[in-house]
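model this:
(2 chains)
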Amino acid sequence: MSILAWTYILVILTFALYIFIAWRSRVKETKGFYVAGSSVPPLANGMATAADWMSAASFISMAGLVSFMGYSGAVYLMGWTGGYVLLALLLAPYLRKFGKFTVPDFVGDRYYSNTARVVALICAIFISLTYVAGQMRGAGIVFSRFLEVEVSTGVVIGMAVVFFYAALGGMKGITWTQVAQYCVLIVAFILAAAAISLKLTGIVVPQVGFGSTLIEGERAGQYVLQALDGIHIELGLHRYTEAFHPDGMGMLSVFSITLALMVGTAGLPHVIIRFFTVPSVKAARISAFWALLFIALLYTTAPTVAGFARYNMIDTINDVPYTEAPEWFKNWEQTGLVAWVDKAGDGIIRFRAGEPFIGPPELTGERGEHGQRLVANVPTDNENELYVDRDIIVLASPEMGNLPAWMIGLVAAGGLAAALSTASGLLIVIASSISHDLYYRILNPQATERQRMLVARIMIALAVLIAGYFGINPPGFVAEVVAFAFGLAASSFFPIIILGIFTTWVNREGAIAGMIVGISFTMMYIIQTKFMGMDPWFFGIVPEGIGTVGMLLNAIVTVVVSAFTKSPPAHIRELVQNVRTPRGSGSAIGH
Amino acid sequence: MSKSFDVYWKKNLTLIAVLLVVWAFVPYVLGIFLVQPLNSIWIAGFPLGFWIAQQGSIYVFVILILVYCILMNRLDRKYEVDEQ
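Residues are numbered from 1 along each chain as shown, chains lettered A, B, ... in the order given. Here you go, the predicted structure:
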């Protein structure tokens, strides 16, 4: 059977499974809708959290990024896992004991202020909307590459599926579909990685194979990383494992980005609310462990895929005549994600340092004398002739490893599972922020269950439409979304939640001032350096890492302002004492 | 709050502090600050610094959370603040 047929079968089967699960777990009351009735077993919550967390970016783009960045790719690997330690030790157990529905709930109650609640809910919505647009786009791209439909058709299909199970089952439906989605995506990712590891090193466990010797080719007998370093030097590049070389990131950037991603992770509302869905404080702690374990399965595999694919790609393409290039190279050339310009005019593909031409490839639709697809771009004057889009590293890895057609279909289904599971988690945050925090807690506290459920479902529909719109018409800043979402999460929620738990005296005035200063500084810096062309003026810290500074500013302002204003009332001190011990945690309550 | 609560909370804070020192030391000191000298040490097919940055620190994070869960559950029971 062809790749396309297998892909259709696997995608349709997995989608049918998600919809079936959603139908089985449909809910009627707000508690089920917002926090799945606080009855999710810790192991299942761990899987759901992992699927929620690992987005299209983790599944499709991360290994590719690491592959091109070498050592500095570690910022994503460490940054997107280390935050879970902060979550487990500093946030999850206490927020679970607090036992409400949303992050703005905690901020509003702990800081006894609707102003704080509104600031928090605006942050939650902004972070989630920027993030969800990227997921819809990711789903659309997978559809268009593997199912040969338009990106916009793909986005619409993705929207329809997500809307169906999010609106029907709320958090409960999403949780159980995420469990299924985790299984699909992890099996796809690990099978592809194991196959390529087996082919290159003869060892099936990629984490072990990555540290073993090659079994074929002219570098057989060398360690994978030794061979990779050697190839890079031959091509005039820096060694793959070398840290802080002049063409990569400096130590300060690596440091600040890693820290910003860690604290940003711990402050992302769609991750935090997953810990409201388990039955107890003990369950919240252990489900953080399961979540990170399940995430680590993918995150320790991704750098091995990065290394194997990098070696395999250079080994099979570089200095090879175009007419003898492997099948996958020609398949992906059709999509414009790989391109070759014959600068030397000898028909041989040369991969060297630097970009082959200016800008992303624009196919002319014509073919050159060797049969290659021509691009309209202006060539650069270096010797590099090869363009490879980073996103194909994972998607093309089954083909690079000569895997059977069904594996390629499974990777496509895995990419879709990653995009849809993250999108649905974000939609719940948007819907609950508006229907619970804004509508019920502020505008209409007398609202009935029916009214609240209706508003929640309307909000899901609205959020799906907005996300879909941005998925089809991506604003120019999609690539900058990561900097924004993590910077804002780090500089808004993280410090005030921690201070709210670990001190009793931090007060309303401090928290509001801290959040506003933290977010304003971070947003201003990102806008200045990303969109207005200013140099990174704050000690040279890149915009991706500025959330670290925003977080510190937030904390300092919160502490200083609290010290000079009136202490919190007695019932707040009791509330803080109460969240510090597990005893007496019931299920989440409405208010 | 009672005296035993204060002791419980203090022990909790000590545990968190110790675990967070490890949490910061492995990635930031070994994986970033000392990566260049550590990369000159190869263990099997891995330069040590590179391995810590791309693999080892993730394993350490998983173990830290597990240790925290086990010790906190024990502490909860000892000071009788666990869920019944």
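
give me the low-pLDDT residue ranges for the chain?
All of this is about chain A. For chain A, residues meeting the criterion pLDDT under 70 lie at A:475-480, A:482-483, A:586-591.

try chain B instead
B:1-2, B:84.

ranges for the strands of it?
Applying DSSP state E to chain B gives strands spanning B:42-43, B:46-47.

which helices and strands does the first one pack with?
Taking 3 or more C-beta pairs under 8 Å, 6 or more residues apart in numbering or on different chains; DSSP states H and E as the contact definition, strand B:42-43 has no neighbouring helices or strands. (C-beta placed from N, C-alpha, C; glycine too.)

direction included, what does that strand pair up with?
strand B:46-47 (antiparallel) (DSSP bridges).

ranking the strands of chain B by burial, who's on top?
strand B:46-47 (a mean of 24; mean count of other C-beta atoms under 10 Å in any protein chain shown).

and that strand, how far from the chain's centre?
Distance, stretch centre to chain centre, for strand B:46-47: 23 Å (C-alpha atoms, centre = their mean, to the nearest Å).

got the contact list for that strand?
A:210-211, A:225, A:241, B:38-41, B:55 (C-beta atoms under 8 Å, 6 or more residues apart in numbering or on different chains).

so which residues on the stretch 251-400 of chain A come close to chain B?
By C-beta under 8 Å from any C-beta of the partner chain, the residues of the stretch 251-400 of chain A that approach chain B are A:251, A:254-255, A:258-259, A:280-282, A:285-286, A:288-289, A:292-293, A:296, A:299-300, A:303.

can I get the strands of chain B in CSV including distance to A:T177?
Formatted as CSV, the strands of chain B follow (distance: least, C-beta to C-beta, whole Å):
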stretch, distance to A:T177
strand B:42-43, 42
strand B:46-47, 38
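
out of these, nearest to A:A511?
Distance to A:A511, taken as C-beta to C-beta, is lowest for strand B:46-47 among those, at 44.7 Å.

find the closest residue to chain B in the stretch 1-150 of chain A.
Residue nearest to chain B within the stretch 1-150 of chain A: A:A74 (3.7 Å; C-beta to the nearest C-beta).

can you report how many residues lie near that residue?
29 (other C-beta atoms under 10 Å in any protein chain shown).

distance of A:S562 from A:V464?
Between A:S562 and A:V464 the distance is 40 Å, computed by C-beta to C-beta, to the nearest Å.

what do you get for A:I190?
A:I190 is 31 Å from A:V464, by C-beta to C-beta.

neighbour count for A:S562 and A:V464, which is higher?
A:V464 (25 against 22).

are we agreed that the more buried one is in a strand?
No - assessed by DSSP: H, G, I helix; E, B strand; the rest coil, A:V464 does not belong to a strand; its assignment is helix.

my guess is it meets A:I428, correct?
No - A:V464 is beyond contact range of A:I428, at 11.5 Å (criterion: C-beta atoms under 8 Å).

what's the overlap in contacts for these two?
Joint contacts of A:V464 and A:I428 (C-beta under 8 Å, 6+ apart) are A:A166.

identify the spatial nearest neighbour of the residue of the stretch 1-150 of chain A closest to chain B, chain neighbours not counted.
B:A53 (3.7 Å; C-beta to C-beta, 6 or more residues apart in numbering or on different chains).

same question for B:W9.
B:W9 sits nearest to A:R580 (C-beta to C-beta, 6+ apart), 5.9 Å away.

phi first, then psi, for that neighbour.
phi -80, psi -10 (degrees, to the nearest 10).

quick revisit: assumed the residue of the stretch 1-150 of chain A closest to chain B was part of a helix.
Yes - according to three-state DSSP, the state of A:A74 is that of a helix.

what sits against it?
Counted by C-beta under 8 Å, 6+ apart, A:A74 has contacts A:66, A:254, A:258, A:303, B:31-32, B:53-54.

just name the closest of those to A:G550, please.
Nearest to A:G550 among these, with distances taken as C-beta to C-beta, is A:T258, at 15.4 Å.

so the closest one sits against A:G73, correct?
No - the pair A:T258 and A:G73 does not pass the contact test of C-beta under 8 Å, sitting 11.2 Å apart.

which SS state does A:T335 fall under?
coil.

and it, how close does it get to A:S212?
A:T335 is 33 Å from A:S212, by C-beta to C-beta.

and if you look at A:W80?
A:W80 is 26 Å from A:S212, by C-beta to C-beta.

before we move on, back to that, count of neighbours near the residue nearest to B:W9?
18.

same deal with A:T364?
12.

and it, helix, strand or coil?
A:T364 - assigned by three-state DSSP - is strand.

so it touches A:V375, yeah?
Yes - using C-beta under 8 Å, A:T364 is in contact with A:V375, at 6.6 Å.

who's A:R373 bridged to?
A:R367.
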